[in-house]
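In: Next input, structure requested:
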Amino acid sequence: MAELSYNKSWVLTDNVIQDCIAGNRTSQERLYRYFAPRMYAICLRYANDRQGAEDILQEGFIKVFNNLDKFRGDGSFEGWMKRVFVNTSIEHYRKSVVNQRFVDIESAYHVSCKTESAVEKLSRKDLLRLVQQLPIGYRTVFNLYAIEGFTHREISAQLGISEGTSKSQLARARAMLQKMLKSLK
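Out: The predicted structure follows:
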């Protein structure tokens, strides 16, 4: 991904959004450059690799620009964009798990969380690298639950899996992360 830079003093206004809706390329580029680094971070959490994250980023921005007129202004614009990118990531996940097998909660094992001190020692980049090593099903459920704040019921509906499967995938993701953290000590 090309290095992105933006002017931190730039302010998003309704005029910028309206200019983007009207097809003003300069406004679209400014919006992209301003938000791309933050949206790319979301894409990285869900993608298998950087190329996949870049694909999700591009698809997400196409959706943002095609649907800007649907932003009602009820909440923050960035929050609206994040939702677009999370949903785009979920769509990519659904496409990639056509033949993936899920394990239900009954076969999951109990996981205790006693790795907080190890997690605190990790940099954000290192933690992201560990999460990216999780199998796609585990990683997607972990991201949706632990980072995005979805409930298991919402994850179930989004991914087309049972709530039990969502819980199982989360438990296994946590267990794998704990194992990875122990190996770093």
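In: What is the burial count for Asn24?
Out: 15 (other Cβ atoms under 10 Å). The way it works is simple: take the backbone N, C-alpha and C, and place the C-beta from them, glycine included.
In: Next: Ile161.
Out: Using other Cβ under 10 Å, Ile161 has 20 neighbouring residues.
In: Could you say which helix or strand holds it?
Out: Here Ile161 sits in a region with no helix or strand, counting by DSSP states H and E.
In: ok, it touching Glu154?
Out: No - using Cβ atoms under 8 Å, Ile161 makes no contact with Glu154, being 11.6 Å away.
In: how close does Phe85 get to Gly164?
Out: Distance, Phe85 to Gly164, by Cβ to Cβ, to the nearest Å: 28 Å.
In: In contact with the residue nearest to the spatial centre of the chain, which residues?
Out: Centroid-nearest residue in the chain, with Cα atoms, centre = their mean: Ile42, separated by 3.8 Å. By Cβ atoms under 8 Å, 6 or more residues apart in numbering, the contact list for Ile42 reads 82, 85-86, 89.
In: 6 Å instead?
Out: Phe85 (Cβ atoms under 6 Å, 6 or more residues apart in numbering).
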